[in-house]
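Chemist: Return a 3D structure for these sequence lines:
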Amino acid sequence: MTYPKLTEKPGALETAAAIRAGKMSVTEAVDAAIGRIEQLDAEIDAVAVPDFERAAETAKAMDQAGPQGEQPLFGVPMTVKESFDVAGLQSCWGHESLTDHVPTKDSELVARMKAAGAVIVGKTNVPVDLTDWQSFNPVYGRTSNPHNTAHSPGGSSGGSAAAVASGMVPCEFGTDIGGSVRVPAHFCGVWAHKPTWGLVSKRGHDHPQMARAKGFVTAHDGVLSVAGPFARNAEDLSVMMQITGQYPLKRKGKPLKDCRILAITEYPGAPVDASVAEPTEAAIAELVKAGISVERTSSLIPDLAKQQDDYMMMLNVAMARGAPSPNGSRASATDWFDLLDAQAVNQAQWAALFESYDFVLAPPAPVLAIPHSDKRAFDEPMRINGEEVPGPSGLAWAGIATFPCLPATVLPIGSGIYEGAELPCGMQVMGPMMSDLDCIEAAREIGNILHG
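Modeler: I've put the predicted structure just below:
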């Protein structure tokens, strides 16, 4: 199986190892990343807020001081999503009226990555308010998919995925509530991980309007939303999760050949386009051929139609922070507690499923990278198998892991033809809560089987 490849540039750990071995300096690694951004970004527009001068100064100081302790990512240049606070860098979430918001303190995630030795060279593009599977806004413009610039890189972490896929940087961090990490990884052909909810702190990831009005940094994670890493291999994802996880992560150490796996490829009301279904079926066939046990049905699968209904209601209430919907209706406190009850029941059902299965495989989205549009992906129909399907239905494949707060790793599995373009296709590997490292390892083994 093949999938479109854009870069053979080294990953994060490989870059760090080369620096430690004296094969390159931090300055050389950072300068090379800046050079790649300057060369590629005129066409892709992934890096919304460059920080080249400070990155170069940081690199020079790191070369003089050397590694401080372990620092597994010593000298590795990286970017982060525009919505994360980085001291001294603009954070406006795509709003022209908020471009004067410049945080004075790093988000906790950025601080952890810096402490591990990473050098932030800039922040990447997003849609307005992080609410689209595209990444464009009136402040920073439109990010394009490096595989085909007429198509979206995904959203809301589209700039993140495009920066990694094009070779600008070896790793990134984005956020995910409606597939905003997994969908860009799927669209751009890179690796990514949606963590167990609450595992990675989102302190310092606040809407600038709220931060400016209330003058505080939230001490809690938003409902459903998580922060997750992008990379070009599983090993880098694993290290980034261990750096940023608030709780110790352990692996069961169970090889894939000894695992029982369930593939969910159909979802009520959320059809999957052939461009996604065909590489998914081909990947499953390769796993079975390699002796991996993959089952296709189970009575343990929760009521997915109800899960989607509950997820969409919770998502909409959370994104609006309880404000009235366009039709004037507003969720009550009773509605919210009913949703929390429904979520708890759903989580228990998934936990029961994972007593029998080690992992669940599923598409990250029903389509490959969508063509650019001036409307949000969810505000117009998606073309699936030649027919128009309501845009929000595609969120089911994000919600399958989001609503029950489960971890899910996306790996590239192949390619397909969508809207006339050959584009990458990914697969998500879901596991029980706090099995993040196991999901990443299972994805690594699956990748080895598919691509050698």
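Chemist: which helices and strands sit right next to the strand or helix carrying residue 309?
Modeler: Applying DSSP states H and E as the criterion places residue 309 in helix 304-320. Judged by 3 or more Cβ pairs under 8 Å, 6 or more residues apart in numbering; DSSP states H and E, the packing partners of helix 304-320 are helix 333-353, helix 396-402. To be clear about C-beta, it is placed using only N, CA and C from the backbone, and glycine gets the same treatment.
Chemist: Just say which of these is most tucked in.
Modeler: Stretch with highest mean neighbour count among the helices and strands packed on helix 304-320: helix 396-402 (a mean of 26; mean count of other Cβ atoms under 10 Å).
Chemist: Give me the mean pLDDT for that helix.
Modeler: Average pLDDT, helix 396-402: 98.
Chemist: Same check on stretch 92-106?
Modeler: The average pLDDT within stretch 92-106 is 96.
Chemist: count of neighbours near residue 242?
Modeler: Per other Cβ atoms under 10 Å, the neighbour tally for residue 242 reads 14.
Chemist: what's the following helix or strand after the helix or strand it falls within?
Modeler: According to DSSP H and E, residue 242 maps onto helix 234-244. Sequence-wise, the next helix or strand downstream of helix 234-244 (DSSP H and E) is strand 260-263.
Chemist: just checking, what packs against that following strand?
Modeler: Counting by 3+ Cβ pairs under 8 Å, 6+ apart, the packing neighbours recorded for strand 260-263 are strand 293-295, strand 359-362.
Chemist: Tell me which residues are up against that strand.
Modeler: Applying Cβ atoms under 8 Å, 6 or more residues apart in numbering, the external contacts of strand 260-263 come out as 284, 287, 292-296, 298, 301, 353, 356-362.
Chemist: follow-up on the earlier one: and of the helices and strands packed on strand 260-263, who's closest to residue 380?
Modeler: Minimum separation from residue 380 across those (Cβ to Cβ) falls at strand 359-362, 24.3 Å.
Chemist: which strands and helices sit next to the closest one?
Modeler: Applying 3+ Cβ pairs under 8 Å, 6+ apart, one finds that strand 359-362 contacts strand 260-263, helix 396-402, strand 421-430, helix 436-451.
Chemist: pLDDT averaged over it - what is it?
Modeler: On average, strand 359-362 scores 98.
Chemist: what lines up beside it in the sheet?
Modeler: Applying DSSP bridges, strand 359-362 is found paired with strand 260-263 (parallel), strand 421-430 (antiparallel).
Chemist: what's the angle between the longest one and helix 436-451?
Modeler: Interaxial angle, strand 421-430 versus helix 436-451 (axes from the mean of the first three to the mean of the last three Cα atoms, to 10 degrees): 140 degrees.
Chemist: Format the CA atom coordinates belonging to strand 421-430 as CSV.
Modeler: Only the C-alpha atoms of strand 421-430 are listed here, as CSV (Å, rounded to 0.1, in the frame of the first residue of the first chain):
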residue,chain,number,x,y,z
ALA,A,421,-7.6,14.5,-6.3
GLU,A,422,-5.4,11.8,-4.9
LEU,A,423,-5.2,12.5,-1.2
PRO,A,424,-4.0,10.7,2.0
CYS,A,425,-6.3,8.5,4.1
GLY,A,426,-5.9,7.8,7.8
MET,A,427,-7.3,5.4,10.4
GLN,A,428,-8.0,6.0,14.1
VAL,A,429,-7.0,3.4,16.7
MET,A,430,-9.1,3.8,19.8
